[in-house]
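J.: A predicted structure for the sequence below; I have some questions about it.
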Amino acid sequence: MLDHSMEIQKDSGDGGVDHVRDHERGMHLVWEDLTVVIPNFGNGHTRRLLDGLSGYAEPGRIMAIMGPSGSGKSTLLDSLAGGFEFYVFSWEESSNVTRL
């Protein structure tokens with residue numbers, strides 16, 4: 001898993017500065033080896049929509065998912081949000097990640 005820790009400074013109100021680690025600001029969304037497979041009921045073969053994707057999103061950061069039409073942007077977001085009911089998912093969750 002990638003370790004992209006960072007430190008921010010915030011004004012403590014008394015002229016001093018408090019150091020806050022990123023893990024104290026909220027939860028990270030992390031996905032590793034995410035695969036989405038759909039069944040093909042016509043001939044029995046399956047189709048992979050996503051295969052082995054890994055990534056993360058940090059709290060308080062803006063993230064852009066970009067790519068051409070049909071590249072899997074919506075499929076990625078739907079799978080992370082749990083929007084597929086009939087699809088087969090395979091992923092390894094990190095021990096410090098809570099699936100929502």
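T.: Great, that's in hand.

J.: how much space separates residue 34 from residue 78?
T.: 12 Å (C-beta to C-beta, to the nearest Å). From N, CA and C alone the C-beta is placed, and that goes for glycine too.

J.: the two: who's more crowded?
T.: Each of residue 34 and residue 78 has its neighbours counted (other C-beta atoms under 10 Å); residue 34 has more, 19 against 15.

J.: wait, a strand at that one?
T.: Yes. Counting by DSSP: H, G, I helix; E, B strand; the rest coil, residue 34 is part of a strand.

J.: does it really touch residue 49, like I thought?
T.: No. Shown here, residue 34 and residue 49 do not form a contact pair, counting by C-beta atoms under 8 Å, at 10.3 Å.

J.: find the nearest non-adjacent residue to residue 52, please.
T.: By the measure of C-beta to C-beta, 6 or more residues apart in numbering, the closest residue to residue 52 outside its immediate chain neighbours is residue 33, 5.3 Å from it.

J.: could I get the full set of helices for the protein?
T.: 73-80 (DSSP state H).

J.: where does it dip in pLDDT?
T.: 1-25, 84-100 (pLDDT under 70).

J.: again, only using 50
T.: Within the chain, the segments meeting pLDDT under 50 span 1-10, 22-23, 95-100.

J.: show me the strands in it, by range?
T.: Along the chain, counting by DSSP state E, strands occupy 7-11, 17-21, 29-39, 46-57, 88-90.

J.: C-alpha coordinates for the third one, PDB please?
T.: What that stands for is strand 29-39. Taking Å, rounded to 0.1, in the frame of the first residue of the first chain, the C-alpha atoms of strand 29-39 are listed here in PDB:
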ATOM      1  CA  LEU A  29     -10.700   5.600   0.800                       C
ATOM      2  CA  VAL A  30      -8.300   3.000  -0.400                       C
ATOM      3  CA  TRP A  31      -8.900   0.200  -3.000                       C
ATOM      4  CA  GLU A  32      -6.400  -2.400  -4.000                       C
ATOM      5  CA  ASP A  33      -6.700  -4.900  -6.900                       C
ATOM      6  CA  LEU A  34     -10.300  -4.000  -7.600                       C
ATOM      7  CA  THR A  35     -11.900  -6.200 -10.300                       C
ATOM      8  CA  VAL A  36     -15.400  -6.000 -11.600                       C
ATOM      9  CA  VAL A  37     -16.800  -8.900 -13.700                       C
ATOM     10  CA  ILE A  38     -20.200  -9.200 -15.200                       C
ATOM     11  CA  PRO A  39     -21.900 -12.400 -16.400                       C
END
